[in-house]
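Engineer: Return a 3D structure for these sequence lines:
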Amino acid sequence: MRFDRRRVTSDSWESLPILRFSEVPKVDVALINRPEASFLGAGEASLAPTIAAIAGGIHAALGARPRQLPFSPENIAKVG
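Structural biologist: Next up is the predicted model:
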């Protein structure tokens, strides 16, 4: 993002600068083994959009809009 002292100045995709690999900050990852703690990982947030994208791809390729998991040939044939 580009910004001045008061606001963000990158106000469109065209003006948004793209980072080069040499500009990406270093990221340190630490895996903490806490088997007694409940699952709170960040990966769960990506599950719904990923499933929707796969369903959209199936619809684009086959014309069937699957609405039931798993996306098996049998379940897709039910809606096809």
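Engineer: low pLDDT regions in the protein?
Structural biologist: For the chain, applying pLDDT under 70 flags the ranges 40-44, 80.
Engineer: So which residue is smack in the middle of it?
Structural biologist: Centroid check for the chain by Cα atoms, centre = their mean gives residue 46 as the closest residue, at 4.7 Å.
Engineer: Give me the distance between it and residue 9.
Structural biologist: As for residue 46, its distance to residue 9 is 30 Å (criterion: Cβ to Cβ, to the nearest Å). Quick note: C-beta positions are derived from backbone N, CA and C, even for glycine.
Engineer: cool, and residue 47?
Structural biologist: When residue 47 is compared with residue 9 (using Cβ to Cβ), they lie 35 Å apart.
Engineer: do the same with residue 21
Structural biologist: 24 Å.
Engineer: which of these two has more neighbours?
Structural biologist: The residue with more neighbours, out of residue 21 and residue 9, is residue 9; 10 against 5, by other Cβ atoms under 10 Å.
Engineer: in terms of contact, does the more buried one touch residue 3 like I think?
Structural biologist: Yes - applying Cβ atoms under 8 Å as the test, residue 9 and residue 3 come out as touching, 5.6 Å apart.
Engineer: Could you give the number of residues near residue 66?
Structural biologist: As a measure of burial, residue 66 has 21 neighbours, counting by other Cβ under 10 Å.
Engineer: Looks to me like it is in a strand.
Structural biologist: No - using DSSP: H, G, I helix; E, B strand; the rest coil, the secondary structure at residue 66 is coil, not a strand.
Engineer: ok, it - contacts?
Structural biologist: 55, 58-59, 75-76, 79 (Cβ atoms under 8 Å, 6 or more residues apart in numbering).
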